[in-house]
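J.: With the sequence up front, the predicted model follows.
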Amino acid sequence: MTISRRKFLASAGVVGGAALIEAIPPANALLQQPLYPAINLAYFQKPITPVPELRIGYAAITWGGRDREAIKDISAVGYKGIQLRSNCIAEFSSPQAVHDLLAAHSLRFVALSSGDLQVDPPDPKAAVGHHVENAKFLRDAGGMYLQIIDRKPKHQPTAADYKRLGQLLTELGKQTADIGIPLGYHNHMGALGQTPEAVDRIMAACDPRYVKLELDIAHYFEGGDPAHAIRKYRDRLLFLHIKDVKQFTPESNPKPLYEFAELGQGKVDLPAVLAALREINFRGWGIVELDGETESKHTPKESAEVSKSYLQKAGIAL
């Protein structure tokens with residue numbers, strides 16, 4: 001039987017179309033197939049833990065150089081971070097030894113107190129280099145911030161002194177920034193940056209990119225309002241010393257004019273400080289610090305517990 005070419009092609013088209021239709025799955029079958037691989041959504045069922053307003057650590061200075069004891073006690077009380085002084089460099093064999101001991105006690109190395117920087121050191125390059133070496137130790141030990149305090153000149157401070165200190169701090173801050181360590185200037189009684197006005201002059205003389213403020217609220221309180229300082233320096237606030245101080249009149253205690261105390265035992269308006277930190281949405285570290293023994297004669301660990309209790313009552317979790 002013969003078939004025309006036209007009929008053959010028509011028949012082939014019908015057969016090919018039918019085969020193609022059979023190859024395409026029905027629409028409801030397509031809808032039943034998942035468009036994407038299965039995803040485990042259990043993670044999204046967990047409540048989100050909010051970022052803490054203020055992370056709290058404790059300074060080892062109260063233990064007078066017994067850093068291993070300080071690390072053990074601070075961790076046992078429940079603090080999450082610690083500040084050490086530069087004496088730890090000689091005390092420990094290496095940065096790794098500090099890192100490992102802190103890790104074993106679940107403590108973050110928040111800051112290293114690097115010591116003083118003179119306004120006009122005999123060898124400025126060597127003075128800056130000394131603190132840079134401390135910053136390298138801090139970095140290698142897993143630490144975060146380098147603290148520096150200035151040393152007040154013997155003569156009456158001049159405008160040139162503030163300018164020179166600003167230059168030195170900026171140079172130091174540039175070099176520590178190069179190795180990944182931010183620099184914090186610590187205001188302090190007995191230093192050039194003793195008064196709020198002096199702090200303003202020093203901070204104005206520094207490059208804000210390289211020198212931040214490590215505000216000690218108790219030292220600032222001796223002449224100023226630390227809550228105001230928090231708001232004023234909100235963009236340069238690196239971390240804080242959360243601290244309290246008692247004031248004495250010359251009649252009651254003629255030798256020291258002030259004595260540091262556990263939180264809530266002194267004159268600093270701590271609720272105002274905490275409110276200011278919330279107001280600026282501060283998300284950094286506050287190091288509770290107590291310089292030396294107090295009238296209460298608590299052990300260093302007991303003093304840490306007293307301050308912890310105050311913070312918890314104020315709604316600050318460690």
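T.: Noted; the coordinates are in hand.
J.: okay, Lys232: pLDDT?
T.: Model confidence at Lys232, expressed as pLDDT, equals 98.
J.: For it, what are phi and psi?
T.: Backbone torsions of Lys232, given as degrees, to the nearest 10, read phi -70, psi -40.
J.: Give me the neighbour count for it.
T.: 19 (other CB atoms under 10 Å). The way it works is simple: take the backbone N, C-alpha and C, and place the C-beta from them, glycine included.
J.: Beta-bridge partners for the residue nearest to the spatial centre of the chain, please?
T.: Closest to where the C-alpha atoms of the chain average out (CA atoms, centre = their mean) is Trp285, at 3.8 Å. Beta-bridge partners for Trp285, by DSSP bridges, are Arg55.
J.: While we're on it, how confident is the model there?
T.: The model's pLDDT for Trp285 equals 98.
J.: Spell out, range by range, the strands that occur in the stretch 51-200 of the chain.
T.: For the stretch 51-200 of the chain, applying DSSP state E, counting those that start in this stretch gives strands covering 55-59, 81-85, 108-118, 145-151, 183-186.
J.: Neighbouring strands - and their directions - for the last one?
T.: Just to be clear, that refers to strand 183-186. By DSSP bridges, strand 183-186 pairs with strand 145-151 (parallel), strand 211-216 (parallel).
J.: first vs last residue of stretch 89-101, how far apart are they?
T.: 14 Å (CA to CA, to the nearest Å).
J.: chain center to that stretch: distance?
T.: Relative to its parent chain, stretch 89-101 has a centroid offset of 20 Å by CA atoms, centre = their mean, to the nearest Å.
J.: got the buried residues for that stretch?
T.: Ile89, Phe92, Pro95, Val98, His99, Leu101 (16 or more other CB atoms under 10 Å).
J.: average pLDDT for it?
T.: 96.
J.: Now for Arg231, how many residues are close by?
T.: 13.
J.: Output the helix or strand where it lies as CSV, nothing but the C-alphas.
T.: According to DSSP states H and E, Arg231 maps onto helix 226-232. The C-alpha trace of helix 226-232 is given here as CSV (Å, rounded to 0.1, in the frame of the first residue of the first chain):
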residue,chain,number,x,y,z
PRO,A,226,30.2,60.3,84.5
ALA,A,227,26.7,59.9,83.0
HIS,A,228,27.3,63.1,81.1
ALA,A,229,30.6,61.9,79.9
ILE,A,230,29.0,58.7,78.5
ARG,A,231,26.6,60.7,76.4
LYS,A,232,29.3,63.2,75.3
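J.: Who are the contact partners of the nearest residue to Leu54 once chain neighbours are set aside?
T.: Using CB to CB, 6 or more residues apart in numbering and skipping the chain neighbours, the partner closest in space to Leu54 is Gly286 (5.1 Å). Gly286 makes contacts with Leu54, Arg55, Ile56, Gly57, Phe239, Leu240, His241, Ile242, Leu277, as judged by CB atoms under 8 Å, 6 or more residues apart in numbering.
J.: Pick out the most distant pair among these.
T.: Across the contacts of Gly286, the longest distance by CB to CB is 14.7 Å; it joins Gly57 and Leu277.
J.: gap between Ala159 and Gly166?
T.: Applying CB to CB, to the nearest Å, the value for Ala159 to Gly166 is 11 Å.
J.: Among the two, which residue is more densely surrounded?
T.: Gly166 (19 against 9).
J.: Quick check: the more buried one vs Asp100, distance?
T.: 38 Å.
J.: next one: Ala160
T.: 46 Å.
J.: Equivalent analysis for Lys297, please.
T.: 34 Å.
J.: For Leu215, grab the count of nearby residues.
T.: Leu215 has 27 nearby residues by other CB under 10 Å.
J.: what sits against it?
T.: Here Leu215 is in contact with Asn187, Pro226, Ala229, Ile230, Tyr233, Leu237, Leu240, His241 (CB under 8 Å, 6+ apart).
J.: Closest one of the residues you listed to Asp73?
T.: Among those, His241 lies closest to Asp73 (CB to CB), at 18.5 Å.
J.: Spatially nearest residue to that closest one (excluding sequence neighbours)?
T.: Asp216 (4.0 Å).
J.: That neighbour contacts Leu240, doesn't it?
T.: Yes - between Asp216 and Leu240 there is a contact at 7.3 Å, judged by CB atoms under 8 Å.
J.: Okay, now the unreliable bits of the stretch 51-200 of the chain?
T.: Applying pLDDT under 70 to the stretch 51-200 of the chain flags residues 51-52.
J.: can you rerun that using 50?
T.: 51 (pLDDT under 50).
J.: mind listing the helices for it?
T.: Using DSSP state H, counting those that start in this stretch, the helices of the stretch 51-200 of the chain run over residues 67-77, 87-91, 95-104, 124-140, 159-178, 196-205.
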